[in-house]
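> just need the structure, nothing else, for what follows:
(3 chains)
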Amino acid sequence: MQYPEFKNKHIISTKDLTKKELGVILDTAVRMDTVVQTQGFSAVLPNSLIAMLFLEPSTRTRLSFEAAAQRLGAHTVSVSDAGSSSAAKGETLADMVRVVAGYADCIVLRQPYQGQARMAADCIDIPLLNAGDGKGQHPTQALLDLYTIRKELGRLDSLKISLVGDLKYGRTVHSLCYALMPFTPQLTLCAPPELGLPRDILDDLKNHNIRCTLTSKLEEALQADVIYMTRIQRERFSDKSEYEKLKGSFVLTRELVLRGNKDIVIMHPLPRVDEISEDVDGLARAAYFRQAHNGMYVRMALLALVLGGDIP
Amino acid sequence: MQYPEFKNKHIISTKDLTKKELGVILDTAVRMDTVVQTQGFSAVLPNSLIAMLFLEPSTRTRLSFEAAAQRLGAHTVSVSDAGSSSAAKGETLADMVRVVAGYADCIVLRQPYQGQARMAADCIDIPLLNAGDGKGQHPTQALLDLYTIRKELGRLDSLKISLVGDLKYGRTVHSLCYALMPFTPQLTLCAPPELGLPRDILDDLKNHNIRCTLTSKLEEALQADVIYMTRIQRERFSDKSEYEKLKGSFVLTRELVLRGNKDIVIMHPLPRVDEISEDVDGLARAAYFRQAHNGMYVRMALLALVLGGDIP
Amino acid sequence: MQYPEFKNKHIISTKDLTKKELGVILDTAVRMDTVVQTQGFSAVLPNSLIAMLFLEPSTRTRLSFEAAAQRLGAHTVSVSDAGSSSAAKGETLADMVRVVAGYADCIVLRQPYQGQARMAADCIDIPLLNAGDGKGQHPTQALLDLYTIRKELGRLDSLKISLVGDLKYGRTVHSLCYALMPFTPQLTLCAPPELGLPRDILDDLKNHNIRCTLTSKLEEALQADVIYMTRIQRERFSDKSEYEKLKGSFVLTRELVLRGNKDIVIMHPLPRVDEISEDVDGLARAAYFRQAHNGMYVRMALLALVLGGDIP
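All right, here's what the predicted structure looks like:
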């Protein structure tokens, strides 16, 4: 099966994707999931070379993309640290991607500056996948989150979803808000007052008629179909005593889960530090490791789609 | 040929391996050696993806494992420095391997904490190979040492083997002691008094009726079938003048070798600094570079066995 | 097609290559260019494993070599930073390449010391490609420069070529001088007085009857078939005010190009900082990104030749 409308498409932001396009990506990821479970590999992209340019530290995302490429039969070349890159010699990102576009058939790019993924994509005529642009977007994370919700619950429309923790700086939360919009969720936004969702995203949600409830009580967030935990970083607080006071309120424990809706799907973009207790890991609905694994299927889907592979 | 008893087995310590299992690994390595010499490659693991997690610096071991995987037709994804890893974000090793186990079919792990390789293996249901856990075990090094002795001398049983240098902190020596036990060697333990073999390993050797002779004279160590040199590190000595006095006594020169048993097989886990003079390199029995090369065959054997490959 | 005279050859310096050998390399690169444009890949080296030892930072050259190897169907293992290498443990380069030669079929080596590439090659019996040895040679860069000139202009003999910028420390310029000698160019050497071409290279050029014109005016350098720009580094000047005064004189702008010979082919080894204005990029004769891309074809050619591949 082929989807010519995806061929050579850049994937920069979840805002750019229509509900129909999201559906194609998720359906393709389902096929990739099946391929991996049954055969391990599928020679969808045997003649493709994919450059992984990770100019910021990232183990999980890089390994997941590399594994995705390899399981499609594609070849990869990687940069995994800024120190050994030409960036250290003063080269612009634009020049760097122009050069790499001559070696590779697709670029996966992580770098620290918001907006630079789109700028880089505009310089080249091979597809570019944004693997995180600083405080900006991280679309493949949002897509694997969508995929996980649909896989765990069987549907995406009209779910009650709680987003918990640092909603102000967490880029995965921002990308997820936009990815969820077409599916009209009811959102519970659970954060300390200092770390609420930015005003512009709240406005965008309201303009799309998404019902949002604001709270700072984790118990309220547990009344939902899905709870999406994120880490609260100490360095975000100017008043450290405020942080010490707050941090306990946003730690999910087994006891808390069992007191609330025990069917709630528990998600986290990982890495976690201590905002989900280890005693939660054994619960059937603790989905965060499955969620991480789903990243590989979603990335296989995106690579196969933008490179015009024949989807099995 | 297949060895179902090895499939999905973790390889954590040479202490876990029976004499029969050691034999299977070495015999499989012989076949891999032949494959590489005759064809270069063999598609034993065409559908396997192996994650190389090197959270501590290591060129030799990582390249050797990656080359081993590639020569079996397997795919690889690698982390080669701690700095760019999620560890820097405070993630536990347990969480990290749980995530990676969703991408890969096997994990090769080097990290700096004794005992953590076994802990990590217990978190996942794909096989894990310990590529060094701090002061703990380095089983693939001990296995390639065994392989080298057998290849150089044609047998393993009842050999006179001298272990020289830093026997206190050298983890390759410790792993080798346990790997040798089933073959009842006569050991000469040649070290400065400060750097003798730890008491517990000495006791284990005695309990297995291994005859051990202790000395600090290199000349005595040369009366053996095999001499296994290791590096003495300056930083191990509180009294630096003691180090300066001693270091010359543990440097193997061509002249020394020719004065002793000139058929002695000379081994070293590498990297060497100056404990074997370069004028020794040209001797027929200087086996240390062949020993390093054998690492690839042994690692091919282990990867093929734990992933259930069909051994050629 | 096969060229047995190249099999197992080390590629250390352009000085070692005859005009005939240069021709074979460039002709092979043409075939590789065609292969990539038409099929993307060609299984020329399906059973080869190539070790990329980059003991100094380098994105462009490493990715280009890795992409070249992959597009030939070869396998690769890589070291991309000195920090994680055995070098940090005090191992000599000689020992390191001896060990790696047991895993791989070919070594690509970048390291910071002039002359050490040849020393390393002398230690092993698999072919070694020098990917830069400090202030010494960088032969694959010079070969891709030659390839670019021939591709852009259709010929190599008797061209007017201007070399601009830091001619004293720029190793790409030095390698290119020797690579051009057999084609009797007329050279214009355009540099600040402090950064002129070293006396020994000037002498070698004269001994080969190459006509050299020295200037410090960029306008004069624009009267040529090719202008080869390089970066002038601030740190080369003891008198920083001298640098500030000079730097503007060696910046190529669109206006300058259009005032001179507008058919001039504009080259640069990259990365550039600001010695070519971005408004030059759109000119048809701005060849520097194509030049970088050509590196992959030239490196494919060299790998295929030294490993005895069947050239398509």
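> the helix or strand harbouring A:Val36: which residues count as buried?
Assigned by DSSP states H and E, A:Val36 belongs to helix A:19-38. In terms of neighbour count (16 or more other C-beta atoms under 10 Å in any protein chain shown), helix A:19-38 has its buried residues at A:Glu21, A:Leu22, A:Val24, A:Ile25, A:Leu26, A:Thr28, A:Ala29, A:Arg31, A:Met32, A:Asp33, A:Val35, A:Val36. Using the backbone N, CA and C atoms, a C-beta is placed for each residue, glycine as well.
> turn the residues you listed into JSON lines, including pLDDT and distance to chain C.
Output for those, formatted as JSON lines (pLDDT from 0 to 100; distance: C-beta to the nearest C-beta, whole Å):
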{"residue": "A:Glu21", "pLDDT": "97", "distance to chain C": "26"}
{"residue": "A:Leu22", "pLDDT": "97", "distance to chain C": "30"}
{"residue": "A:Val24", "pLDDT": "98", "distance to chain C": "25"}
{"residue": "A:Ile25", "pLDDT": "98", "distance to chain C": "24"}
{"residue": "A:Leu26", "pLDDT": "98", "distance to chain C": "29"}
{"residue": "A:Thr28", "pLDDT": "98", "distance to chain C": "22"}
{"residue": "A:Ala29", "pLDDT": "98", "distance to chain C": "25"}
{"residue": "A:Arg31", "pLDDT": "98", "distance to chain C": "24"}
{"residue": "A:Met32", "pLDDT": "98", "distance to chain C": "22"}
{"residue": "A:Asp33", "pLDDT": "98", "distance to chain C": "27"}
{"residue": "A:Val35", "pLDDT": "96", "distance to chain C": "22"}
{"residue": "A:Val36", "pLDDT": "97", "distance to chain C": "22"}
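> re earlier: ok, and does the helix holding A:Val36 reach over to chain B?
No. On the criterion C-beta under 8 Å from any C-beta of the partner chain, helix A:19-38 is out of touch with chain B, staying 9.4 Å away.
> skip the chain neighbours and tell me the closest residue to the residue of the stretch 1-150 of chain A found nearest chain C.
Closest residue of the stretch 1-150 of chain A to chain C, C-beta to the nearest C-beta: A:Gly102 (2.9 Å). Of all residues not flanking A:Gly102 in the chain, C:His293 sits nearest, at 2.9 Å (C-beta to C-beta, 6 or more residues apart in numbering or on different chains).
> now for that neighbour: which residues touch it?
By C-beta atoms under 8 Å, 6 or more residues apart in numbering or on different chains, the contact set of C:His293 is A:Val99, A:Gly102, A:Tyr103.
> doesn't C:Gln291 make contact with the second one?
No. Assessed by C-beta atoms under 8 Å, A:Gly102 is found out of contact with C:Gln291, at 9.5 Å.
> please say which of these two ends up with more neighbours.
C:Gln291 (26 against 20; other C-beta atoms under 10 Å in any protein chain shown).
> residue contacts, A:Asn130?
Contacts of A:Asn130 by C-beta under 8 Å, 6+ apart are A:10-13, A:109-110, A:117-118, A:121, A:136-140.
> quick one, phi/psi of it?
phi -80, psi 120 (degrees, to the nearest 10).
> can you list the domains in chain A?
A:4-138+A:294-306, A:139-292 (automatic domain parsing).
> tell me which of these is the most buried.
Ranked by mean neighbour count under mean count of other C-beta atoms under 10 Å in any protein chain shown, the domains of chain A are led by domain A:4-138+A:294-306, which reaches a mean of 21.
> just how off-centre is that one within its chain?
13 Å (C-alpha atoms, centre = their mean, to the nearest Å).
> and that domain, how far apart are its ends?
9 Å (C-alpha to C-alpha, to the nearest Å).
> near chain B, which residues of the stretch 151-300 of chain A show up?
Residues of the stretch 151-300 of chain A lying near chain B (C-beta under 8 Å from any C-beta): A:Leu270, A:Pro271, A:Arg272, A:Val273, A:Phe289, A:Arg290, A:Ala292, A:His293, A:Met296.
> lowest-confidence one in those residues?
Model confidence across these bottoms out at A:Val273, which has 85.
> coming back round to it: helices or strands up against the helix holding A:Val36?
For helix A:19-38, the packing partners by 3 or more C-beta pairs under 8 Å, 6 or more residues apart in numbering or on different chains; DSSP states H and E come out as helix A:60-71, helix A:139-153, helix A:288-306.
> ok so, going back, need the contacts of A:Asn130 in a markdown table (columns: pLDDT, secondary structure and distance to chain B).
Supplementary listing: these in a markdown table, determined by pLDDT from 0 to 100; DSSP: H, G, I helix; E, B strand; the rest coil; distance: C-beta to the nearest C-beta, whole Å:
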| residue | pLDDT | secondary structure | distance to chain B |
| --- | --- | --- | --- |
| A:His10 | 98 | coil | 24 |
| A:Ile11 | 98 | strand | 20 |
| A:Ile12 | 96 | coil | 23 |
| A:Ser13 | 95 | coil | 24 |
| A:Leu109 | 97 | strand | 15 |
| A:Arg110 | 94 | strand | 11 |
| A:Ala117 | 96 | helix | 19 |
| A:Arg118 | 97 | helix | 24 |
| A:Ala121 | 98 | helix | 24 |
| A:Gly136 | 83 | coil | 19 |
| A:Gln137 | 87 | coil | 19 |
| A:His138 | 92 | coil | 14 |
| A:Pro139 | 95 | helix | 19 |
| A:Thr140 | 97 | helix | 14 |
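> which outside residues touch stretch A:206-219?
Outside stretch A:206-219, the residues that touch it by C-beta under 8 Å, 6+ apart are A:164, A:180-181, A:184-193, A:196, A:202, A:205, A:220-221, A:249-250, A:252, A:256, A:259-260.
> surely A:Met52 forms part of a strand?
Yes. Counting by DSSP: H, G, I helix; E, B strand; the rest coil, A:Met52 falls inside a strand.
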